[in-house]
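K.L.:
coords below, sequence missing:
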Ligand code: F6P
């Protein structure tokens, strides 16, 4: 019997997860393993929802958003009983190696699982739109989410300019500002509010006043969902109090950012990391996230990948400020 590698997606889905699944399955086959798909993340592992995947079962998915295996969070995996059940299913199906695709909850779960069952071998792939993991220049899905947000803002800019309005646009990112900052830089936003820096309403009002004086017909402010100044409605109310010239509208992009075809960059990232995860499992690695830094594949222990994340690029913050003139 061929040795088996299990694969699952956990947490929120991210565009590019399918490309990663395809890469893991086909590399596993290439190296002589039997790939086993586990449905609905850790929840499906607890429930025993597993099935072998052939090369054909991942045909035509590199361009698809979502995750063919399903994703999701599993409260049951937080308990030792849930993890014991998951372990039994792995043993029954003769799986000792696993690739888990997800974000920090996924890796925390994998870390605990490994501490309890050290005979397992688990590697993680950074699959989250938030880009909030340490040890990789980008996470799978981040580039697509930013592109979706930028496209939406291009559309909002048209109506904002026609109507002479200020739009506040909320993007996802949980408690990190990467999506917001990159979206703001690429869409020419007048300002960006991120959780990593304190929100300075006076500074935003000066930017708006400067624009108003030179007859700017619209303004766009990108707000990260986790901004410390409050939610988008509270921020809009505060700004409207201080600056009455523009009529303000708010738009929450929400889960739209998670759907649709992954960009070429995300497909390549997912495929490369998926391929590498299988090679590294084959070589005996475990307990780490497979990321990429400056074109090098880097393994970062789970506990470190989730403990912190890279810093926002200060140059991009400055760029948004200066180019909003
Ligand atoms: O972690 C990905 C993410 O999309 C975050 O940006 C967002 O805060 C969260 O998931 C939304 O979670 P849910 O899909 O459970 O509403």
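P.N.:
In hand now; what should we look at? In this text the structure is predicted, and so the values were computed from the model without any measurement.

K.L.:
what residues does the chain put near the ligand?
P.N.:
12, 103, 128, 129, 130, 172, 173, 174, 225, 258 (Cβ under 6 Å from any ligand atom). Every residue, glycine included, has its C-beta placed from N, CA and C.

K.L.:
in these, find the pair that's most separated.
P.N.:
Greatest spacing in the residues of the chain next to the ligand, by Cβ to Cβ: 103 and 225 (14.9 Å).

K.L.:
still on that earlier bit, identify, from the residues of the chain next to the ligand, the entry nearest to residue 139.
P.N.:
Taking the residues of the chain next to the ligand together and measuring to residue 139 by Cβ to Cβ, the closest member is residue 128, at 5.0 Å.

K.L.:
right, and that closest one touches residue 11 too?
P.N.:
Yes. Between residue 128 and residue 11 there is a contact under Cβ atoms under 8 Å: 6.6 Å.

K.L.:
which residues do the two both contact?
P.N.:
Residues touching both residue 128 and residue 11 by Cβ atoms under 8 Å, 6 or more residues apart in numbering: 102, 103.

K.L.:
looking at those two, which is more packed in?
P.N.:
Under the neighbour definition other Cβ atoms under 10 Å, residue 128 and residue 11 were set side by side, and residue 128 has more, 28 against 23.

K.L.:
any figure for the gap between that one and residue 115?
P.N.:
For residue 128, the distance to residue 115 equals 23 Å [Cβ to Cβ, to the nearest Å].

K.L.:
cool, residue 200 as well?
P.N.:
43 Å.

K.L.:
repeat for residue 267
P.N.:
Distance of residue 267 to residue 115, computed by Cβ to Cβ: 34 Å.

K.L.:
swap in residue 253?
P.N.:
Distance from residue 253 to residue 115, by Cβ to Cβ: 38 Å.

K.L.:
quick revisit: which one of residue 103 and residue 225 has more residues nearby?
P.N.:
Using other Cβ under 10 Å as the criterion, residue 103 and residue 225 rank with residue 103 on top: 27 against 21.

K.L.:
do you know the pLDDT at residue 199?
P.N.:
pLDDT recorded at residue 199 is 95.

K.L.:
would you confirm that it belongs to a helix?
P.N.:
No. Going by DSSP: H, G, I helix; E, B strand; the rest coil, the assignment for residue 199 is coil, not a helix.

K.L.:
got the contact list for it?
P.N.:
Residue 199 sits next to 193, 227, 228, 229, 235 when contact means Cβ under 8 Å, 6+ apart.

K.L.:
distance check, it against the ligand.
P.N.:
Residue 199 sits at a distance of 19 Å from the ligand (criterion: Cβ to the nearest ligand atom, to the nearest Å).

K.L.:
which residue ranges form the strands in the stretch 1-150 of the chain?
P.N.:
For the stretch 1-150 of the chain, the strands defined by DSSP state E, counting those that start in this stretch cover 4-9, 34-38, 50-52, 95-102, 121-126.

K.L.:
got JSON lines for those strands, with mean neighbour count and mean pLDDT too?
P.N.:
Shown next, in JSON lines, are the strands of the stretch 1-150 of the chain (neighbours: other Cβ atoms under 10 Å; pLDDT from 0 to 100):
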{"stretch": "strand 4-9", "mean neighbour count": "26", "mean pLDDT": "98"}
{"stretch": "strand 34-38", "mean neighbour count": "24", "mean pLDDT": "98"}
{"stretch": "strand 50-52", "mean neighbour count": "15", "mean pLDDT": "97"}
{"stretch": "strand 95-102", "mean neighbour count": "26", "mean pLDDT": "98"}
{"stretch": "strand 121-126", "mean neighbour count": "28", "mean pLDDT": "98"}
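
K.L.:
per-residue pLDDT, the closest residue to the ligand within the stretch 151-300 of the chain?
P.N.:
Nearest residue of the stretch 151-300 of the chain to the ligand (Cβ to the nearest ligand atom) works out as residue 172 at 3.3 Å. pLDDT recorded at residue 172 is 98.

K.L.:
ok, now residue 115?
P.N.:
Note for residue 115: predicted pLDDT of 98.

K.L.:
how many residues are close by it?
P.N.:
Counted with other Cβ under 10 Å, the neighbours of residue 115 add up to 10.

K.L.:
pull the contacting residues for residue 207.
P.N.:
Applying Cβ under 8 Å, 6+ apart, one finds that residue 207 lies in contact with 190, 191, 219, 321, 324.
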